[in-house]
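Q: sequence? don't have it. structure:
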């Protein structure tokens, strides 16, 4: 089944660092497969596949974009970048990856897989529920089913992608922003080998009184290694301050630094952690810049690419 992914994306409400889930929840307009005047702009060459969750009964989709040389190299397997909040992140990352390689290989070719929100749910409701580790969210919406969503990814999404496409199981990367970054940290600290690499963008480590730090401490008590490559980014304005682009209650810059510091203090042999604070960016503007820096960090072109 080949369908087209629409890039008519609806903007959500402005957010602060304390409620980052709202603006990251975007809803894509449905794509029309019939050519017509005034129809939606669509991303040709992409695919949409239904991958339901048999446990919850929720209907999810995955968006797929294959490398340009995929058909020309049937012998090759590719790394896969899985991105949360696909209605926003999938078309942006796809465009970034294509653009930065225009003058020669900067990024390795990879399969891009977008993880959609549950069908019938608003983006905000879907991600609050699926991307958070405890029910203790900042409002009355349903939170805290991140473990169930993680199980769905492991039992349904990864086998689907690796069974249908020439994906390299040893080179899975998960990229998440805000609550998506929190989900990535949860997986990192509970089942780290599920992915090879983790991009934690502006991660919501403030959630539930920094519950992620309790998860980290629990992992450290039970393990002596954490085999993963971790790249984190955050905007320079994502700290507490009086400026209109700064946060009022949550210091994402400080939280990211504290998380990196404690991970490095464990001296895990298999862990590689890097981070960057992107000056002049806030929680809304940092994503495209952070995506670009993350791709260059975790999927750099091989030395002999293009030779």
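A: Looks like it arrived, so ask away. Since the model is a prediction, treat every value here as computed from it, not as a measurement.
Q: Remind me which helix or strand residue 64 belongs to.
A: Using DSSP states H and E, residue 64 sits within strand 61-65.
Q: Am I right that residue 233 is in a strand?
A: Yes. Residue 233 sits within a strand when classified using DSSP: H, G, I helix; E, B strand; the rest coil.
Q: who's in contact with it?
A: Going by C-beta atoms under 8 Å, 6 or more residues apart in numbering, residue 233 touches 199, 201-202, 275-278, 286, 289-290, 293-294. Every residue, glycine included, has its C-beta placed from N, CA and C.
Q: Walking through the stretch 151-300 of the chain, point out its strands one by one.
A: Taking DSSP state E, counting those that start in this stretch as the test, the strands found in the stretch 151-300 of the chain are 167-177, 197-201, 228-235, 271-278.
Q: How about the last one, which residues are buried there?
A: For strand 271-278, the buried set under the neighbour-count rule, 16 or more other C-beta atoms under 10 Å, comprises 271, 273, 275, 277-278.
Q: Any chance you could list what contacts that strand?
A: With C-beta under 8 Å, 6+ apart as the criterion, strand 271-278 contacts 225-236, 253, 256-257, 260, 263-264, 286, 289-290, 293, 297.
Q: hmm, try it at 10 Å
A: Identification of contacts with strand 271-278 by C-beta atoms under 10 Å, 6 or more residues apart in numbering yields 188, 192, 197-198, 200, 202, 225-239, 252-253, 256-257, 259-261, 263-264, 285-286, 289-290, 292-294, 297-298.
Q: can you tell me the average pLDDT over that strand?
A: Taken as a whole, strand 271-278 has a mean pLDDT of 98.
Q: pLDDT weak spots in this protein?
A: When residues are selected by pLDDT under 70, those of the chain lie in 1-35, 304-307.
Q: who touches the residue most central in space within the chain in this structure?
A: With distances taken as C-alpha atoms, centre = their mean, residue 176 lies nearest the centre of the chain, 2.3 Å away. By C-beta under 10 Å, 6+ apart, the contact set of residue 176 is 24, 82-85, 89, 115, 127, 131, 182-187, 198-204.
Q: In stretch 284-303, which residues are buried?
A: 284, 286-287, 289-295, 297-299, 301.
Q: Give me the spatial nearest neighbour of residue 241, chain neighbours excluded.
A: Leaving aside its chain neighbours, residue 241 sits nearest to residue 247 (7.4 Å; criterion: C-beta to C-beta, 6 or more residues apart in numbering).
Q: Test my guess that the one you found contacts residue 204.
A: No. At 11.5 Å, residue 247 and residue 204 do not qualify as touching, with contact defined as C-beta atoms under 10 Å.
Q: can you tell me how far residue 266 sits from residue 206?
A: Between residue 266 and residue 206 the distance is 22 Å, computed by C-beta to C-beta, to the nearest Å.
Q: can you check residue 61 too?
A: 30 Å.
Q: before we move on, what about residue 163?
A: Residue 163 sits at a distance of 38 Å from residue 206 (criterion: C-beta to C-beta).
Q: Also residue 138?
A: 9 Å.
Q: neighbour-wise, which of the two wins?
A: Comparing residue 138 with residue 206 by other C-beta atoms under 10 Å, the one with more neighbours is residue 206, at 21 against 18.
Q: Leaving out chain neighbours, which residue sits closest to that one?
A: Distance criterion C-beta to C-beta, 6+ apart; nearest residue to residue 206, sequence neighbours excluded, is residue 250 at 4.1 Å.
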